[in-house]
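> attaching a predicted model along with its sequence, questions to come.
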Amino acid sequence: GAVVSQHPSWVICKSGTSVKIECRSLDFQATTMFWYRQFPKQSLMLMATSNEGSKATYEQGVEKDKFLINHASLTLSTLTVTSAHPEDSSFYICSSWTGPNPYEQYFGPGTRLTVT
Amino acid sequence: LAKTTQPISMDSYEGQEVNITCSHNNIATNDYITWYQQFPSQGPRFIIQGYKTKVTNEVASLFIPADRKSSTLSLPRVSLSDTAVYYCLVGDMATGRRALTFGSGTRLQVQP
């Protein structure tokens, strides 16, 4: 199957700083990538849809100025958490798909963000 | 999207067969049933998908009755490494490129 990687796998940052998370499709071109957030013992919640060459679409309640998404190439999407606060500590996961089955998507291994 | 209901958690022992049932009473004619597996601190992984009757692969079997209002994921002879959260998703294959909606899932704990 297709492979999606994320970097870093975990990161600790201080409150007020910014953190960038990368999501790469290693063996396919991803015109669309999805970013999810998962708090402990909870399910995945969609944050935004990232489209190559255009602006991301954010879910209701997700601050687009705080969670900056850039999808500048067909294999890379980045999520930048700006002015991070402890409540942003979470597990961030990206996914994409190669088609044609929209329910067979490939997820990255996730990035654990801890804001102190 | 059809709403799904799964047990919150299940416990089992190594070597046993585990059956996780998902209820989806308002499933539509064009909807398929998909199951994902998520290990701790990892992204979810697609494991199986079906429309009706029975589907089997190297990981699991999926049983879907004729009315399709429920489905059962069957894991044969589980091991400790099958400890994970299992998500049932139901939706139309013609939705195109869209994000997945995950419910609460079923947390399976396999004991030695």
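Great, that's in hand.
> got the phi and psi for residue A:13?
Main-chain dihedrals, residue A:13, degrees, to the nearest 10: phi -140, psi 160.
> quickly find the element holding the residue in chain B positioned nearest to chain A.
Chain A sits closest to residue B:43 of chain B, with a gap of 3.1 Å, by C-beta to the nearest C-beta. No exception for glycine: its C-beta is placed from N, CA and C like everyone else's. Applying DSSP states H and E as the criterion places residue B:43 outside every helix and strand.
> right, and it touches residue A:95 too?
Yes: taking C-beta atoms under 8 Å as the definition, residue B:43 is a contact partner of residue A:95 at 7.0 Å.
> got any residues that touch both of those two?
Shared contacts of residue B:43 and residue A:95 (C-beta atoms under 8 Å, 6 or more residues apart in numbering or on different chains): A:4, A:107-108.
> please enumerate the strands of chain A.
A:4-7, A:10-13, A:19-25, A:32-38, A:45-51, A:57-58, A:67-73, A:76-81, A:90-96, A:106-107, A:111-115 (DSSP state E).
> neighbouring strands - and their directions - for the last one?
Meaning strand A:111-115. Applying DSSP bridges, strand A:111-115 is found paired with strand A:10-13 (parallel), strand A:90-96 (antiparallel).
> and residue A:93, how far from residue B:32?
Going from residue A:93 to residue B:32 by C-beta to C-beta, to the nearest Å gives 22 Å.
> could you tell me which residues of chain A lie near chain B?
Counting by C-beta under 8 Å from any C-beta of the partner chain, the residues of chain A lying close to chain B are A:1, A:4, A:31-32, A:34, A:36, A:42-44, A:46, A:49, A:91, A:93-95, A:97, A:99, A:101-110, A:112.
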